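1. just a sequence and a predicted model for now, questions to come.
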Amino acid sequence: MNYKFLIILAMLGLALLIAGTNIPEKTQNNYLRIAAGQEINGLNPFNPAFNDVYSQFVMSNIWEKLYRYTPDFLDNPAAKGSSDRRIFLWIAEEMPSYKKVGDNYEAIIKLRDNVYWWDGERLTADDVVFTSNLMLKFGIPPQNWVNWSITGDESYVESVQKLDDFTVKYTLKELVPIFETGALMGYIFPKHQWEPIIEKSIEKHHKGTDKISKDERILIASEIWSLNLGKDIKLDEIIGSGPFKPADWRKGEYMRLDANKDYWAKGRILEIDGREYEIGPYIDGILRKVYRSPDISKLAMRRGEVDITGILPSDISEFEKIETIKIEDYTANSLFYLGFNLRRKPMSYLSFRQAVSYLYDKELFNERIYHGRLPPINSVVPFVNDYWHNPNLSKYGEGMSTAEREYKVYIILKEDGFKWSKEPRFNIVDGEVIELREKGEGLMMPDGEVCPIVRLMGAPPEEIPDSAQANIMLQGWMIDIGIPAKYTPTEFATAVDKLSPIDGSEPDFDINTSVGWLTDPDPGYIKDLWHSTQMPEVTAGGNNYSGYNNPEFDELAEQSAREMNPEERREMIFKLQEIISRDLPVYPTNTVTRIQVYRADKFKDWFNRKMYGIGGCNNPYAYMIIKPIERE
Amino acid sequence: MGRLRYPLRRIIEGLITLFIVMTIIFLLFRVMPGDPLSIVIDPKMTPEVKEMIRHSYGLDQPMFVQYGIYLKNLFTLNLGESFRYSQPVSEVLAARIPNTLLLFTSASVLSAVLGIILGRIIAWRRNSKLEYGLTLAGLFFYEMPIFWFGLILIYLFAFRLNLFPISGMIDFELWTLGATTGEKIIDILHHLILPLITLTTASFCGMMLLMRTSMVETMKEDYVEAAKARGLPDKVVRDSYAARNAELPVITAFILSLSASIGGGVLTEKIFSWPGIGYELYQATIGRDYPLAQGCFFILTLMTILAVIVIDITYAYLDPRVSYD
Amino acid sequence: MFKANKLGIIGVVILLLFLFFALFGPIYVEMMGNSYSPMGGMDTSLGINPETNSYAWPPSLKHPMGTDSKGSDIFSQFLNGSYLAFLIGISIALGAAILGVIMGLISGYWGGRWIDSLIMRSADALVSIPFLPLLIVIAAVVGSLHLFTFIMIMMVFSWVGVCRVIRAQTLSLRTRPYIDSARVAGASSSRIIFKHIAPNVIPLGFYELTMIVGAAIITESGISFLGFGDPTQMSWGMMINFCTAQGHTFKAPWWLLPPGFGITLLSMAFYLIGRAFDEIVNPRLRKME
């Protein structure tokens, strides 16, 4: 018996030894190896669940758009104010030309005649009309629908027609800025691949000869988006027009995209920031490997297993020492905030909202807890979106110490009529607040009632690891002043349901710190978030969680959604930001900075973009222009 | 006649356990306040679109209908559609199960073998320095948080010494750009070493200590004493008389520890990004992919229950002292 | 008798040390001021450490175990972790002991009856539920496991071992002559169970209990490490979670190592004591010495 064990052990040992020493050699190649933080949700462009940045990154290399944001529209001063400088003509040859016809408007779009699908077919007006009709008739892809309607219901696009092979005419009920910056920035799909699939689905679900009913539309749409790209349509059967083709996919492990050697845009010159780039692709393709933990992808980078990865700000110093590796940062368009439920006391008091905003020391949190990862913001338009960002808003206590903030809050509350059974006391020397000496107790609201417990609904640590610490500190400061605060970690789905109950009942929260937004480049979202009709109890699933109701805001927001002149619209958007900052239905706290490191010795012409970084879902240019460096 | 009834009874009991556990899970997922679809539903979508999505996942049905569908689906191994992968859960799981089995069985076998051999040695040499040393060292590893040990191993062997890969099960570059089957096998083994060491180190001591206690008890039995009295060499008495019978209780304990060690497996998979069921469970829960999380948990429970039943039944046949009632 | 058992003594020494840590925690914070509070306290006088590029500094006189990335004292967190470990371990073990002893006594006394099968079958069922995955699933749905919830769930899963030991002993005891005579004398079942059987079998469950303490501490750390723990409590597992989440796993050993050693040594101490105790009270083993 003993011998048997020993033999098994010896064999195992031997196998491991072989495996440990005899590592197979890799073939020389020019694939760009990306360390990704997460697996992509999927490749089906119609599936609403696949709107994550990772899936969109892959999709944006497969299907292309009529227009694309220029990489420099956010940070190039020359781009400010002129709408055409903000947009690249991609499949379209010219900007749309508008004409008023009766009550409606007509938009004419000319397409390039040299765009080819991967299978050699030419991309024509038929494909564009087909794709637009998918939106108009079936509302797919759903994540794109918001760009096709400003009321969230009926589309402002009346119809779409083909004039000739390379000209498309849209008939619009009204002229809105979101048409250019949203509706025309969706992927264009090949009619010859998708039409048979749609028709089959219609045949299956549509009975009779009437118009397709709403229920049938739901069935058809959900059938289309449950198609599994990679299986129902094999990876190599997917037809796109972009620079990279999906070639191999082991879910949860890696994905390989091969370069499209016959890319239609190859050789085209892109002028970015005064520099000219010739479009490739020059690399063999992209290998996307999933690493779940930032520590592990960092190690992989240092060991030379990948060419580009994201790191934490506290890791910068490690990479600064490595010559072959370069560091770039970008600031995402995320928006985190304190959301107040204005329907409840004490949040209904403006003074109370101001008090909590003063207490939330976002500078300290960013420095100590997030290590520069979540830079503070004061507006609901992140500063990276600098054309629309209003920089002149109240900063609520910037530069004040904790004790000074607490004192300020005490004064604000006291002046508005809040009372304590025991007031907080401070050590003040020569007019300078040194520290809180005694905590306040028994806070009473101006109406004489005792202040109820205020729950801070925050994310649990597995979602945003450090937010728990920030919440606990905020809770501590609130308690110092005498506000009975309680941090309640709430899982994301529960939080969303409490903020915006699907059944249309009133939201159930006090202060929300857990759910943030990923904002669009177009500021049209401001209207969707705080318009009074967007309250969840008014429109089921609405996004105005706070229950903010201000006719002044509503009117201006509606006006801004229809304003075509960028300068005028900018004025309005600035004013809207001021109103939010003044009324504080939400207090914007932070946005997100990300840092990428990449191998400058293997590839050159790395191309960063301030808002999406290198190769983010809205920077598809990076990998088209990157070039391998010849090695001996 | 008890021979057939016993396995049958164990299987029925196993099924009942499974049923109860899965009902608890169903209630957990459906009664909780959160909307299971909130991960799929973008808050910016219109209510109509949101409704379409709910419908496509069958979540607009009444609760008891959903429960009925749920049970029927479990019975037919139709575990629903993963939100994240947009692929049947059973397909996702089918790709993960072999990976988990590879890591888990090799670690179990290795730690059982190590544990039994070492346990036998220290039982025979009670109160020696060797016993104290091995017990303390083994205990240290046994009580150690497995993820912490894994991190230390990665730091030492993958980061500092650069001997092993840091994570995952395969070298993506090698696999996608063409490798022979032989190369692929070696690649997997190469990736297997660190997680295997982690799991084995953490669990062999449990077996060792049990083996020791069990040996000490069997060595008091009359037939061992008799063998000793007959003047048989120590080694023969130890290996052929004492050890053989001492192994049985160790198996019982192994069953008891199985569900706990599956927990260790989940943590190990997470640390090494080993693409098994446990890792998938973690990912699914983090990503709010409830159908997948449910499926992973179902498979893990099924695997534990099956293992317990199989070991129980084998044990019953091996050891005549176990009654079949 | 403990003297003869060296490993047991080691266990007692470690246990006392950690007990001291646990009790010392609040005193330490009291002594050093609020900036040393394990949750939320931070040393504002610290600058950025160029080695870690954060406020994480290695051990110094001011911070005996160094600081974490936000400049919080690790020693204070470690002490608090020690307190939580005792709280979690002992309360789960106590709960499991009460459940296990009652179930074991009932099951053993009425061995073979329906109540016995019911208890033993549920025990079998519980054993075959992988509880860490279950905890993960529950935590995912609830958001994070509140400490109290965690303790309750663990109790439900922990009593089986104790129950089996107690049942086995009770089964063999109930046929003893003195139990029979008590029964003949007209004593009620509950009196026999608690007066005559319980005192004789309960010590045998102690070894199982010490195992439970260790398992509870380790499970809590695993759950916290994955990020499903109670974020308002700085337990040892939470310390490791924060260390990893902040990307300091491989550059701040003074942060990663202490909680790991704490978990290991404390669970080990409990096991060693339990084992020593078992050798003293368990008659079969005692003969061997």
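-> Great, that's in hand. Residues are numbered from 1 along each chain as shown, chains lettered A, B, ... in the order given.
2. which residues in chain C form helices?
-> C:6-32, C:74-109, C:114-127, C:131-142, C:147-173, C:177-184, C:189-191, C:198-201, C:206-226, C:236-245, C:253-281, C:283-286 (DSSP state H).
3. can you give me the helices for the stretch 1-150 of chain A?
-> A:2-21, A:53-62, A:125-133, A:142-145 (DSSP state H, counting those that start in this stretch).
4. go on, the stretch 301-450 of chain A?
-> Ranges of helices in the stretch 301-450 of chain A, per DSSP H, counting those that start in this stretch, are A:316-320, A:350-359, A:362-364, A:402-415.
5. how about the residues of the stretch 101-250 of chain B near chain A?
-> Taking Cβ under 8 Å from any Cβ of the partner chain as the test, the list of the stretch 101-250 of chain B residues beside chain A reads B:106, B:109-110, B:113-114, B:116-117, B:154, B:158-159, B:162-164, B:166-179, B:183, B:186-187, B:189-190, B:192-193, B:196, B:239, B:243-244. All C-beta atoms are positioned from the backbone trio N, CA, C, and that covers glycine.
6. where's B:D187, which helix or strand?
-> In the assignment (DSSP states H and E), B:D187 maps to helix B:181-219.
7. next, the buried residues of that helix.
-> Within helix B:181-219, the residues that qualify as buried are B:183, B:186-219, counting by 16 or more other Cβ atoms under 10 Å in any protein chain shown.
8. quick check: pLDDT value at the residue in the stretch 51-200 of chain A that chain B sits nearest to.
-> Residue of the stretch 51-200 of chain A nearest chain B, by Cβ to the nearest Cβ: A:P142 (4.2 Å). Confidence per residue is given as pLDDT, and for A:P142 that number is 75.
9. so what's the residue count around it?
-> Residue crowding around A:P142 was assessed by other Cβ atoms under 10 Å in any protein chain shown; the count is 27.
10. again, but for A:L89
-> Quick note: A:L89 (other Cβ under 10 Å) scores 16 neighbours.
11. equivalent analysis for A:E506, please.
-> A:E506 has 12 neighbours, counted by other Cβ under 10 Å.
12. B:V65 now?
-> B:V65 has 10 neighbouring residues, counting by other Cβ under 10 Å.
13. then A:S357?
-> Here the number of neighbours of A:S357 (other Cβ under 10 Å) works out to 25.
14. quick one: it from chain C, how far?
-> With distances defined as Cβ to the nearest Cβ, to the nearest Å, the gap from A:S357 to chain C amounts to 19 Å.
15. touching, that residue and A:L338? I think so.
-> Yes - because the distance of 6.8 Å satisfies Cβ atoms under 8 Å, A:S357 is recorded as touching A:L338.
16. what's the overlap in contacts for these two?
-> Counting by Cβ atoms under 8 Å, 6 or more residues apart in numbering or on different chains, the shared contacts of A:S357 and A:L338 are A:Y587.
17. by contact count, what packs against the helix holding B:D187?
-> On a contact count with 3 or more Cβ pairs under 8 Å, 6 or more residues apart in numbering or on different chains; DSSP states H and E, helix B:181-219 meets helix A:2-21, helix B:89-124, helix B:129-143, helix B:146-153, helix B:172-176, helix B:244-271, helix C:283-286.
18. which parts of the second one count as buried, going by neighbours?
-> Neighbour-count burial for helix B:89-124, with 16+ other Cβ under 10 Å as criterion, is recorded at B:89-93, B:95-96, B:99-100, B:102-104, B:106-108, B:110-124.
19. pLDDT score for C:R275?
-> In this prediction C:R275 is given a pLDDT of 81.
20. and it, what does it touch?
-> With the criterion set at Cβ under 8 Å, 6+ apart, C:R275 makes contact with C:L7, C:G8, C:G11, C:Y207, C:T210.
21. follow-up on the earlier one: what angle sits between the helix holding B:D187 and helix B:146-153?
-> 130 degrees (axes from the mean of the first three to the mean of the last three Cα atoms, to 10 degrees).
22. quick one: mean pLDDT for helix B:181-219?
-> Taken as a whole, helix B:181-219 has a mean pLDDT of 83.
23. tell me the helix or strand right after that helix.
-> Using DSSP H and E, the helix or strand that directly follows helix B:181-219 along the chain is helix B:222-229.
24. residues contacting the next helix or strand after that next one, please?
-> Next in sequence after helix B:222-229, counting helices and strands by DSSP H and E, comes helix B:234-236. Contacts made with helix B:234-236 from outside it, assessed by Cβ under 8 Å, 6+ apart, are listed as B:W124, B:A227.
25. how close does C:I74 get to chain A?
-> Note on C:I74: its distance to chain A, by Cβ to the nearest Cβ, is 14 Å.
26. ok, that residue - contacts?
-> The contact partners of C:I74, by Cβ under 8 Å, 6+ apart, come to C:H63, C:M65, C:G66, C:T67, C:D68, C:M239, C:W254, C:W255, C:P258.
27. confidence score at residue 244?
-> All of this refers to chain A. The pLDDT attached to A:F244 in the predicted structure is 94.
28. the intended chain is chain B.
-> For B:R244, the predicted pLDDT is 67.
29. near chain B, which residues of the stretch 151-289 of chain C show up?
-> Residues of the stretch 151-289 of chain C found near chain B, taking Cβ under 8 Å from any Cβ as the criterion, are C:160-161, C:214-215, C:218-219, C:221-222, C:225-227, C:237, C:240, C:244, C:249-250, C:256, C:259-260, C:263-265, C:267-268, C:271-272, C:284-285, C:287-288.
30. going through the residues you listed, which ones are buried?
-> Among these, those scoring as buried are C:160-161, C:214-215, C:218-219, C:221-222, C:225-227, C:237, C:240, C:244, C:249-250, C:256, C:259-260, C:263-265, C:267-268, C:271-272, C:285 (criterion: 16+ other Cβ under 10 Å).
31. near chain A, which residues of chain C?
-> Counting by Cβ under 8 Å from any Cβ, the positions of chain C adjacent to chain A are C:39-40, C:42, C:50-55, C:69-71, C:140-144, C:226-232, C:238, C:241-242, C:244-251.
32. among those, name the buried ones.
-> Among the residues of chain C next to chain A, those classed as buried by 16+ other Cβ under 10 Å are C:39-40, C:42, C:52-55, C:69-71, C:140-144, C:226-232, C:238, C:241-242, C:244-251.
33. nearest to chain C within the stretch 151-300 of chain B, name that residue for me.
-> Among all residues of the stretch 151-300 of chain B, B:G263 sits closest to chain C, at 2.7 Å; criterion: Cβ to the nearest Cβ.
34. and the gap between that residue and C:V201?
-> To C:V201, B:G263 is 30 Å away according to Cβ to Cβ, to the nearest Å.
35. same thing with C:A187?
-> On the measure of Cβ to Cβ, C:A187 and C:V201 end up 17 Å apart.
36. quick one, which of those two is more surrounded?
-> A count of neighbours by other Cβ under 10 Å puts C:V201 above the other of C:A187 and C:V201, at 22 against 15.
37. does that one touch C:C163 like I think?
-> No - when contacts are counted by Cβ under 8 Å, C:V201 is not listed as touching C:C163 (11.2 Å).
38. intersection of neighbour lists for the two?
-> Contact criterion Cβ under 8 Å, 6+ apart; residues shared by C:V201 and C:C163: C:G104.
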